[in-house]
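*Asks:* Here is a sequence with its predicted model. Questions after.
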Amino acid sequence: MFFKKRGQAALEFLMTYAWAILVVIIIIGALAYFGVLSPDTLVPDKCTFSTGLACKDFSYTYTASNANITLLLTNGLGKTINVNMLNFTSEQIQGGNDPTACGMSYSPAIQIENGNTGILNVTGSNCIPTDKGGKIRVKGKLTYSFTNTGSLPHTVEGELFTKPVQQ
């Protein structure tokens, strides 16, 4: 008789915790369903490029026919650079992962002196986001060369994580 009482107490103890765990799982599910735990609200916008090129600010705007990505890059490479090309690709913009899908070549090259900030604008008809509701990740390749003669071109990669704004 005593053995049954001990087993019943243990089972009641476990069932109490099972109900508590079930309630917590239901609450987390409800928060996720209503978007409270969405990456759009939890993860901040960011712009990163390789060491030496600091992304101070950025914007991604689009209309029905084209999109515009604007970057404010600060040169910390120690020498004046010429920015020759900037291409953006993403699975979440029209054109997918085509390296020339959303890019613009600068002619003449934009020159950014050491320690100064330059404004880079990329406009393209294939840059319109396919996911128009949330944040998207866009990868960029920037080609630059130093202003001294005989400098080889350098390519660095960067990334934007932001919610495009429709105008």
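*Replies:* Everything's here; your move.
*Asks:* Could you list the low-pLDDT ranges of this structure?
*Replies:* Per-residue confidence for the chain (pLDDT under 70) gives these ranges: 1-5, 39-40, 95-101, 103-108, 149.
*Asks:* Which segments of it make up each domain?
*Replies:* Domain assignment of the chain by automatic domain parsing yields the ranges 2-37, 43-166.
*Asks:* End to end on stretch 63-72, go ahead and measure it.
*Replies:* When the termini of stretch 63-72 are compared using Cα to Cα, to the nearest Å, they are 21 Å apart.
*Asks:* which residues pair with the residue nearest to Gly115 when sequence neighbours are not counted across the strands?
*Replies:* With Cβ to Cβ, 6 or more residues apart in numbering as the criterion, Gly115 has its nearest non-adjacent residue at 6.7 Å, and that residue is Asn75. Glycine gets a C-beta too; all of them are placed from N, C-alpha and C. Counting by DSSP bridges, Asn75 is bridged to Leu53.
*Asks:* how much space is there between Asn75 and Lys46?
*Replies:* To Lys46, Asn75 is 20 Å away according to Cβ to Cβ, to the nearest Å.
*Asks:* Let's have the domains of the chain in TSV, adding mean neighbour count.
*Replies:* Below are the domains of the chain laid out as TSV (neighbours: other Cβ atoms under 10 Å):
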stretch	mean neighbour count
domain 2-37	10
domain 43-166	16
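*Asks:* list the contacts for the residue nearest to Gly115?
*Replies:* 52-53, 81, 112-118 (Cβ atoms under 8 Å, 6 or more residues apart in numbering).
*Asks:* Which of those sits closest to Lys141?
*Replies:* Nearest to Lys141 out of those is Leu53 (Cβ to Cβ; 12.1 Å).
*Asks:* tell me the strands in the protein, going along the chain?
*Replies:* 46-48, 53-62, 67-75, 81-89, 102-112, 117-124, 136-146, 154-162, 165-166 (DSSP state E).
*Asks:* what lines up beside the shortest one in the sheet?
*Replies:* Read it as strand 165-166. Next to strand 165-166 in the sheet, as set by DSSP bridges, lie strand 53-62 (parallel).
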